[in-house]
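**Student:** Below is the sequence, then the predicted model.
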Amino acid sequence: MEVTKEEKEGVIRAIDFYVEGGRKADGKITANAFADTATMSWTENGVLKSVPIKVLYDGFDNGEPMEAHYELTYLNVEKNVAIARIESQFGANKYADMFTLVKDGDQWKIVSKVYQSI
């Protein structure tokens, strides 16, 4: 199924909030991208880590503003749910970020962020 322009723009809007919060070191901006119950997961030394998304907000709030950008590399939308993958860079750090999003009213919200350093 082909992703519509409106669907893609809505998903990108959520991702833009995430990246802009990192760029400005402002977790409140990033919070606009995520559902209140969202989680963030990764592996560290081969061990699964999964935390409430507030950990990401706190990390941005305690950091410094930095150069940040991303490229959308994959997007699949099925009615009110979506899967997106981006390659992002925050300062010198590069990541493969994967998001699960759900449409909440007329806005897309990230419910899960999974990432890997690249």
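**Tutor:** That came through, no problem.

**Student:** what ranges of this protein fall below the confidence cut-off?
**Tutor:** Scanning the chain for pLDDT under 70 picks out 1.

**Student:** how about the strands in it?
**Tutor:** 34-44, 47-52, 68-78, 81-90, 93-104, 107-117 (DSSP state E).

**Student:** How many residues are close by Ala31?
**Tutor:** 19 (other Cβ atoms under 10 Å). Every C-beta, even on glycine, is put in place using the N, C-alpha and C of the backbone.

**Student:** Relative to Glu7, how far out is it?
**Tutor:** 22 Å (Cβ to Cβ, to the nearest Å).

**Student:** so what's the nearest residue to Val81 once chain neighbours are set aside up against?
**Tutor:** Nearest non-adjacent residue to Val81, counting by Cβ to Cβ, 6 or more residues apart in numbering: Val102, 5.6 Å away. By Cβ atoms under 8 Å, 6 or more residues apart in numbering, the contact set of Val102 is 35, 80-82, 108-109, 111.

**Student:** Name whatever forms a beta bridge with Glu87.
**Tutor:** Counting by DSSP bridges, Glu87 forms beta bridges with Glu71, Ala96.

**Student:** Against which helices or strands is the lengthiest helix in the chain packed?
**Tutor:** Taking DSSP state H as the assignment, the helix of the chain that covers the most residues is helix 5-24. With contacts defined as 3 or more Cβ pairs under 8 Å, 6 or more residues apart in numbering; DSSP states H and E, the packing partners of helix 5-24 are helix 27-31, helix 54-61, strand 68-78, strand 81-90, strand 93-104, strand 107-117.

**Student:** want to try TSV for the contacts of Val102, with neighbour count and distance to Ala92 as columns?
**Tutor:** Shown next, in TSV, are these (neighbours: other Cβ atoms under 10 Å; distance: Cβ to Cβ, whole Å):
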residue	neighbour count	distance to Ala92
Ala35	18	30
Asn80	11	37
Val81	13	33
Ala82	22	29
Trp108	26	29
Lys109	21	29
Val111	18	29
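
**Student:** Quickly name whichever of the residues you listed is closest to Ser117.
**Tutor:** Distance to Ser117, by Cβ to Cβ, is smallest for Val111 among those, at 22.2 Å.
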